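Engineer: Below is the sequence, then the predicted model.
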Amino acid sequence: QVQLVESGGGLVQAGGSLRLSCAASGRTFSSYGMGWFRQAPGKEREFVARISWSGTSTYYADSVKGRFTISRDNAKNTVDLQMNNLKPEDTAVYYCAVRLGVGSSSGPSGFGSWGQGTQVTVSS
């Protein structure tokens, strides 16, 4: 079982940058693909990005493509999300999660072991 803790959220002006980090416990972290999701008030949790177990394959939602970069360090058991050129519509609680062997690869049903989330607020 992998436990996840997100950090790095905060308040930033539009056009600014933040780097989120997700720290994982458990010796099997490097065996799993990982993903980042976000959830704004009153909205469903939505896919942001995912990365393969090796880090060689990544995939992004259209809304963040070209602005966000997902990466991982299996030696440190971390997966990061670098967010550049932030927009007010990026405001949400951001969650990391472990890719399951079933379910959608770009939907919440395909991920588990959710962290507690970290708040990102982008002011205009």
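Structural biologist: Perfect, thanks for sending it.
Engineer: Okay, strands next: where are they in the chain?
Structural biologist: If DSSP state E is used as the criterion, the strands of the chain fall at 3-7, 10-13, 18-25, 34-39, 46-51, 58-60, 68-73, 78-83, 92-99, 111-112, 118-123.
Engineer: Output those in CSV; the columns should cover mean pLDDT, mean neighbour count and distance to residue 105.
Structural biologist: C-betas here are computed from N, CA, C, even on glycine. Converted to CSV, the strands of the chain look like this (pLDDT from 0 to 100; neighbours: other C-beta atoms under 10 Å; distance: least, C-beta to C-beta, whole Å):
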stretch, mean pLDDT, mean neighbour count, distance to residue 105
strand 3-7, 96, 17, 18
strand 10-13, 98, 13, 29
strand 18-25, 96, 19, 18
strand 34-39, 98, 24, 8
strand 46-51, 97, 22, 7
strand 58-60, 97, 16, 8
strand 68-73, 98, 18, 14
strand 78-83, 98, 22, 16
strand 92-99, 97, 23, 7
strand 111-112, 93, 21, 9
strand 118-123, 98, 17, 23
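Engineer: Need the nearest residue in space to the residue nearest the centre of the chain, chain neighbours excluded.
Structural biologist: Centroid-nearest residue in the chain: residue 36, 2.1 Å away (criterion: C-alpha atoms, centre = their mean). With C-beta to C-beta, 6 or more residues apart in numbering as the criterion, residue 36 has its nearest non-adjacent residue at 4.3 Å, and that residue is residue 48.
Engineer: For the one you found, list the residues it contacts.
Structural biologist: By C-beta atoms under 8 Å, 6 or more residues apart in numbering, the contact set of residue 48 is 35-38, 60-61, 64, 68, 81, 94.
Engineer: try it again with 7 Å
Structural biologist: Neighbour list for residue 48: 36-38, 61, 64, 68 [criterion: C-beta atoms under 7 Å, 6 or more residues apart in numbering].
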